[in-house]
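K.L.:
Pasting the sequence and the predicted model now:
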Number of protein chains: 2
Amino acid sequence: MAKMDTKTPRERYRTQVRAEIKEHAWAQIATTGASALSLNAIAKQMGMSGPALYRYYASRDELITELIRDAYRSLADTLHSAAVAGADLAALAHAVRGWALEDPQRYLLIYGTPVPGYHAPDDITLISSEIMTVLLDACTALPSDSPATPFDAHLADHRDWAGSHPAPPAVLHRALSFWTRLHGVLSLELAGQFAGMDFDPALLFAAELDDLLTH
Amino acid sequence: MAKMDTKTPRERYRTQVRAEIKEHAWAQIATTGASALSLNAIAKQMGMSGPALYRYYASRDELITELIRDAYRSLADTLHSAAVAGADLAALAHAVRGWALEDPQRYLLIYGTPVPGYHAPDDITLISSEIMTVLLDACTALPSDSPATPFDAHLADHRDWAGSHPAPPAVLHRALSFWTRLHGVLSLELAGQFAGMDFDPALLFAAELDDLLTH
DNA sequence: TAAGATTCGTGATACCTTCTAACTGAATCT
DNA sequence: AGATTCAGTTAGAAGGTATCACGAATCTTA
């Protein structure tokens, strides 16, 4: 396919610098949050002066978009490799939780408060549908004996988002519940909303997951 | 109690300007998000020049904190008056959803991505416990026939956050599930994560609520 | 190998932002 | 009436994004 030798040394240098920029960006985001990300600060940390960074990323937005893309990619890969290793829905849930706790701001970059005007490029939407596919597969593999709800009927007519996945409405419903419920616990935990209360969020997560699997 | 005459005309003017500043702030937040809130822009919109605003709010953080406080207050009032009007858990859920859809950024200001360093003042924490109390009351009023889970046992020993509320562990558990599940659907909807998929989020919300009430 | 083209990094600059400081003028208090 | 308080102004520091023009290093090509 492509030339094996990672192309010219200049491009190698270029991609390496881009990677280094992203590493500093992640470090900064982890401590200050994405909204306070400063290209200037990154440049100084790397020993070069301000505008030099714009040779590698056209704008702050472009860098953040790339970070979002990488975050999605990382989550999709985590789930995919878990699924390949034979993970069931429960294992998938714990994989997501582990991934989120590894770097809370990375999770929140994807699923947290969005900037009103921002629209993710199509390739990112594609990755998110990859994730949904893994989820749907895992839900399909689960026995489903719950009665059809009104929402199930609605989903029978609104299943474009599942692409060509042959899952029945009940499975689509389960996938959505899985997503929203675990996100509910996880996002509140990561946002620190459970801070004062001293119960263990992991147990709430487990309880929600159990309820999801047995009902 | 206090002097009825809303105090001196100067203080009246002061509080009126503070209110006007907050109104402009909310308008700005609704369109640009809280992270892009600009004191300068607000000042210009009000026909006064930049630094004048610092007579009313010592810093950008102080203004945002006040907005957060007002948001919490508004949500607490909404829930409280609904409860007083005899709302059950389902009605409470719809009250929350209505309140959130009224101004998505206001909801996300409370429950969205937090700034890592930020710590809300105590009086805000107090309002949030007010909300929790209304929720616990509504959960108590509901029949509860589910078997005790391991998480229930854990909650029996970690119930400080419920204050002096006499709710049994199963009710505490239900309140937490109520909170996290509805937040799960709501936050993903408000964040636009359901954008591509064309199902109706209201029906997913209703389905989650129904599941919460019947199981 | 030498010339030409490309690309990297720099400093200068424009225009934002938050926020402090010094000053003016008007309203309020004594 | 005189003193004080307080709103609002301009100026400016410090820091941010982003563009531009220029020197310097490197790659390509003849």
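P.N.:
Here it is on my side, so go on.

K.L.:
can we go C-alpha only for contacts and neighbour counts from here?
P.N.:
OK.

K.L.:
how near is the residue at minimal distance from the centre of chain A to residue B:101?
P.N.:
Taking CA atoms, centre = their mean, the centroid of chain A lies closest to residue A:72, which sits 4.2 Å from it. Between residue A:72 and residue B:101 the distance is 27 Å, computed by CA to CA, to the nearest Å.

K.L.:
Neighbours of residue A:188, how many?
P.N.:
20 (other CA atoms under 10 Å in any protein chain shown).

K.L.:
ditto for residue A:118
P.N.:
10.

K.L.:
show me the contacts for it.
P.N.:
Under the criterion of CA atoms under 8 Å, 6 or more residues apart in numbering or on different chains, residue A:118 has no neighbours.

K.L.:
Looking at it now. What's its pLDDT?
P.N.:
According to the prediction, residue A:118 has pLDDT 93.

K.L.:
Could you do residue A:172 as well?
P.N.:
Looking at residue A:172, its pLDDT reads 97.

K.L.:
Ok, residue A:47 next?
P.N.:
96.

K.L.:
Kindly report the same for residue A:124.
P.N.:
pLDDT recorded at residue A:124 is 98.

K.L.:
what do you get for residue A:144?
P.N.:
Predicted confidence (pLDDT) for residue A:144: 77.

K.L.:
Kindly tell me how buried residue A:133 is, as a neighbour count.
P.N.:
Quick note: residue A:133 (other CA under 10 Å) scores 20 neighbours.

K.L.:
Now do the contacts for it.
P.N.:
Counting by CA under 8 Å, 6+ apart, the residues that residue A:133 touches are A:162, A:165.

K.L.:
And it, which helix or strand is it part of?
P.N.:
helix A:122-140 (DSSP states H and E).

K.L.:
what's the distance between that helix and the middle of its chain?
P.N.:
Distance of helix A:122-140 from the chain centroid (CA atoms, centre = their mean, to the nearest Å) equals 11 Å.

K.L.:
Same check on stretch A:46-58?
P.N.:
With CA atoms, centre = their mean as the basis, stretch A:46-58 stands 27 Å off its chain's centre.

K.L.:
Look at that stretch and report the distance between its end residues.
P.N.:
18 Å.

K.L.:
Flag every buried residue along that stretch.
P.N.:
A:53, A:56-57 (16 or more other CA atoms under 10 Å in any protein chain shown).

K.L.:
which residues does the residue in chain A positioned nearest to chain B contact?
P.N.:
Chain B sits closest to residue A:184 of chain A, with a gap of 3.6 Å, by CA to the nearest CA. For residue A:184, the contacting residues are B:180-185, B:187, by CA under 8 Å, 6+ apart.

K.L.:
and which of those is nearest to DNA strand C?
P.N.:
Distance to DNA strand C, by CA to the nearest atom of the strand, is smallest for residue B:187 among the contacts of residue A:184, at 26.2 Å.

K.L.:
Report the distance from the helix or strand containing that closest one to the chain centre.
P.N.:
Secondary structure assignment for residue B:187, by DSSP H and E: helix B:169-190. Distance, stretch centre to chain centre, for helix B:169-190: 13 Å (CA atoms, centre = their mean).

K.L.:
what's the angle between it and helix A:169-190?
P.N.:
100 degrees (axes from the mean of the first three to the mean of the last three CA atoms, to 10 degrees).

K.L.:
tell me the pLDDT at residue A:139?
P.N.:
Confidence at residue A:139, expressed as pLDDT, is 96.

K.L.:
cool, and residue A:7?
P.N.:
74.

K.L.:
Residue A:15 versus that one, what's the distance?
P.N.:
For residue A:7 relative to residue A:15 (CA to CA), the value is 11 Å.

K.L.:
These two: who's more crowded?
P.N.:
Taking neighbours as other CA under 10 Å, residue A:7 and residue A:15 compare with residue A:15 leading, 14 against 10.

K.L.:
Output the helix or strand hosting that one as PDB, nothing but the C-alphas.
P.N.:
Residue A:15 belongs to helix A:9-32 when assigned by DSSP H and E. This file holds the C-alpha atoms of helix A:9-32, laid out as PDB (Å, rounded to 0.1, in the frame of the first residue of the first chain):
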ATOM      1  CA  PRO A   9      12.300  12.400   7.300                       C
ATOM      2  CA  ARG A  10      10.700  15.800   7.200                       C
ATOM      3  CA  GLU A  11       7.200  14.200   7.400                       C
ATOM      4  CA  ARG A  12       8.400  12.000  10.200                       C
ATOM      5  CA  TYR A  13       9.600  15.000  12.100                       C
ATOM      6  CA  ARG A  14       6.400  16.700  11.400                       C
ATOM      7  CA  THR A  15       4.200  13.900  12.700                       C
ATOM      8  CA  GLN A  16       6.400  13.500  15.700                       C
ATOM      9  CA  VAL A  17       6.100  17.200  16.600                       C
ATOM     10  CA  ARG A  18       2.300  17.000  16.100                       C
ATOM     11  CA  ALA A  19       2.200  14.000  18.400                       C
ATOM     12  CA  GLU A  20       4.300  15.900  21.000                       C
ATOM     13  CA  ILE A  21       2.000  18.900  20.800                       C
ATOM     14  CA  LYS A  22      -1.000  16.600  21.500                       C
ATOM     15  CA  GLU A  23       0.800  15.100  24.500                       C
ATOM     16  CA  HIS A  24       1.300  18.400  26.000                       C
ATOM     17  CA  ALA A  25      -2.300  19.300  25.200                       C
ATOM     18  CA  TRP A  26      -3.600  16.200  27.000                       C
ATOM     19  CA  ALA A  27      -1.500  17.000  30.000                       C
ATOM     20  CA  GLN A  28      -2.800  20.500  30.100                       C
ATOM     21  CA  ILE A  29      -6.400  19.400  29.600                       C
ATOM     22  CA  ALA A  30      -6.100  16.900  32.400                       C
ATOM     23  CA  THR A  31      -5.200  19.700  34.900                       C
ATOM     24  CA  THR A  32      -7.000  22.700  33.600                       C
END
